[in-house]
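S.K.: model the following, please.
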Amino acid sequence: MQLRHVRTLLAPQDGTARVTCMAWSANSGRFAVCTAERVVLLYDEHGERRDKFSTKPADAKSVLCPQYGRKSYVVKGMAFSPDSTKIAIGQTDNIVYVYRIGEEWGDKKVICNKFIQMISRTTCFCS
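M.R.: Residues are numbered from 1 along each chain as shown. I've put the predicted structure just below:
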């Protein structure tokens, strides 16, 4: 296997673990990168950033369970649907969200499914 550096997508930043996970779409038209700030950046096949959206916590304002909140989770894995219009995002707050990202760039990003994991946290995704 031979690898070739084509371009840099994200500028280098201070600190460790600035990128938590990455995923290619099935049609190779989209590349998703999730940063430590819990933001998903979407790139086209040429490496140009075309879209971005923030992930959501399981419960942003829980009084009963204070360990859940805006900065209480890490995104551990992402996987695109076979038609590349949805992306599943697994988080350490025991939830998997499925976002509809649409067929065109700029389509509204909405959560279409959420799966609460009762037994354990998400550690990785495979597609």
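S.K.: which parts of this protein are strands?
M.R.: 19-24, 31-35, 39-43, 49-54, 75-80, 86-91, 95-100, 110-116 (DSSP state E).
S.K.: from residue 95, how far off is the closest residue to residue 91 other than its chain neighbours?
M.R.: Distance criterion Cβ to Cβ, 6 or more residues apart in numbering; nearest residue to residue 91, sequence neighbours excluded, is residue 73 at 4.6 Å. For glycine as for every other residue, the C-beta is placed from the backbone atoms N, C-alpha and C. Distance of residue 73 to residue 95, given as Cβ to Cβ, to the nearest Å: 8 Å.
S.K.: what sits against the residue nearest to residue 54 when sequence neighbours are not counted?
M.R.: Using Cβ to Cβ, 6+ apart and skipping the chain neighbours, the partner closest in space to residue 54 is residue 39 (5.3 Å). By Cβ atoms under 8 Å, 6 or more residues apart in numbering, the contact list for residue 39 reads 52, 53, 54, 55.
S.K.: most neighbours, which of the residues you listed?
M.R.: Neighbour counts for the contacts of residue 39 (other Cβ atoms under 10 Å) peak at residue 55, which has 18 neighbours.
S.K.: quick one on the thing from earlier: out of the contacts of residue 39, who's nearest residue 103?
M.R.: residue 53 (15.6 Å; Cβ to Cβ).
S.K.: tell me the pLDDT of the residue nearest to that closest one when sequence neighbours are not counted.
M.R.: Spatial nearest neighbour of residue 53, chain neighbours left out: residue 109 (4.2 Å); criterion: Cβ to Cβ, 6+ apart. On pLDDT, residue 109 comes in at 92.
S.K.: need the contact list for residue 109.
M.R.: So residue 109 contacts 51, 53, 99, 100, 101, 102 (Cβ under 8 Å, 6+ apart).
S.K.: please repeat the previous calculation with a cut-off of 10 Å.
M.R.: 40, 42, 51, 52, 53, 54, 87, 99, 100, 101, 102 (Cβ atoms under 10 Å, 6 or more residues apart in numbering).
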